[in-house]
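# The sequence isn't on hand, but the structure is:
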């Protein structure tokens, strides 16, 4: 059965004069990497939702996207690439749209109170 790594990365959609721009911090991760086995896109979507909800609970007020990476040598479920690119797996469900620098900083970095300080990881393996 294919094994997938799920990684939450801080990200926001920033309103600009021409539309929306995705701003992400690709070297920062929220929480631990999630590992899951999934045969179907439905199984993978459910795993993404459970993982994302846990990250959202552990990091309230943070805006993030979930990266889905398949273990080397495993076969992706039929339709995976299209579903991932189109957002059908629900990986962007927790991204907030912002209009200002202050809102962007808050959504990406969390409250300045330090409540989440130390809970972020960089490149942490499961």
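Received the coordinates, thanks. What you see is a predicted model, and the numbers here were worked out from it, not measured in a lab. Numbers count the residues shown, from 1 in each chain.
# C-alpha only now, for contacts and for neighbours.
Noted.
# Same question for the lengthiest strand in the chain: list its buried residues.
Counting by DSSP state E, the longest strand found in the chain is strand 3-16. By neighbour count with 16 or more other C-alpha atoms under 10 Å, strand 3-16 contains the buried residues 3, 4, 5, 6, 7, 8, 9, 10, 11, 12, 13, 14.
# any chance of the residues you listed in CSV, plus pLDDT and distance to residue 44?
CSV is the format used below for the buried residues of strand 3-16 (pLDDT from 0 to 100; distance: C-alpha to C-alpha, whole Å):
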residue, pLDDT, distance to residue 44
3, 97, 10
4, 97, 8
5, 97, 11
6, 97, 10
7, 97, 13
8, 96, 15
9, 95, 18
10, 95, 21
11, 93, 21
12, 92, 23
13, 89, 24
14, 87, 28
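# Greatest separation within the residues you listed: which pair is it?
Spatially, the most separated pair among the buried residues of strand 3-16 is 3 and 14, at 32.7 Å (C-alpha to C-alpha).
# Given the longest strand of the chain, what are its sheet partners and their directions?
strand 19-24 (antiparallel), strand 29-37 (antiparallel), strand 64-70 (antiparallel), strand 96-98 (parallel) (DSSP bridges).
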